[in-house]
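Engineer: take a look and give me a structure for this.
(one chain, ligands or ions: 1)
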Amino acid sequence: MNRVLVLNGPNLRRLGTREPDVYGAATFDDLVALCRDAGRGLDLSVEVRQTDDEAEMLRWVHEAADERLPVVLNPAAFTHYSYALRDALAQRTAPLVEVHISNPAAREEFRHNSVVAGVATGTIAGFGTMSYVLALQAVAELLAEESAAAGR
Ligand code: DQA
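Structural biologist: Residues are numbered from 1 along each chain as shown. Below is the predicted model of the structure:
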């Protein structure tokens, strides 16, 4: 079974109580269960992590690069300013899907730019926690395409 890391940046452990009008009522534990369930259906072993610490996030991204692990990443506020995270992600060795619960393009101006998007395989935003399920489906598709190409 392919392993996938689902990495979450600052403030995302507070889902459920954090601005529920923007991010919904689901808690972080609900998100973990949703991702694991989706993974089981897609034959992916999903590991969900969250940190408020940029250095820890960079270590996880380096680990993914070294171990060739696909990543579903909600960089949260790091999306908009962390060149260190972008540089780490540029070293990726497997698919990277950027996800957002809200639709940053429909929100404040400072959220319109993602410094991460240019090094991601693609971005899914605005579907609530369903964004993660769609991202895991995309990862499963990409891995299936890769192994079909390798078998050709
Ligand atoms: C977010 C959007 C970001 O702008 C914000 O800083 C977050 C969450 C989202 O999932 O909608 O923390 O990444």
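Engineer: could you pull out the helices for this structure?
Structural biologist: Taking DSSP state H, the helices of the chain run over residues 20-23, 28-42, 54-67, 83-89, 130-151.
Engineer: save those helices as JSON lines, and put in mean pLDDT too.
Structural biologist: Converted to JSON lines, those look like this (pLDDT from 0 to 100):
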{"stretch": "helix 20-23", "mean pLDDT": "94"}
{"stretch": "helix 28-42", "mean pLDDT": "98"}
{"stretch": "helix 54-67", "mean pLDDT": "98"}
{"stretch": "helix 83-89", "mean pLDDT": "98"}
{"stretch": "helix 130-151", "mean pLDDT": "95"}
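Engineer: with mean neighbour count and distance to the ligand added, can I get those helices in a markdown table?
Structural biologist: C-betas here are computed from N, CA, C, even on glycine. A markdown table is the format used below for the helices of the chain (neighbours: other Cβ atoms under 10 Å; distance: least, Cβ to the nearest ligand atom, whole Å):
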| stretch | mean neighbour count | distance to the ligand |
| --- | --- | --- |
| helix 20-23 | 12 | 7 |
| helix 28-42 | 17 | 10 |
| helix 54-67 | 16 | 13 |
| helix 83-89 | 18 | 12 |
| helix 130-151 | 17 | 7 |
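Engineer: out of these, the one nearest residue 108 is which?
Structural biologist: helix 20-23 (10.9 Å; Cβ to Cβ).
Engineer: so how far is that closest one off the chain centroid?
Structural biologist: 19 Å (Cα atoms, centre = their mean, to the nearest Å).
Engineer: give the closest residue to residue 57 in space, chain neighbours not counted.
Structural biologist: Spatial nearest neighbour of residue 57, excluding adjacent residues (Cβ to Cβ, 6 or more residues apart in numbering): residue 51 at 5.3 Å.
Engineer: around the one you found, how many other residues sit close by?
Structural biologist: When neighbours are counted by other Cβ atoms under 10 Å, residue 51 registers 19.
Engineer: residue 89 and residue 120 touch, don't they?
Structural biologist: Yes - if you go by Cβ atoms under 8 Å, residue 89 and residue 120 touch, sitting 7.2 Å apart.
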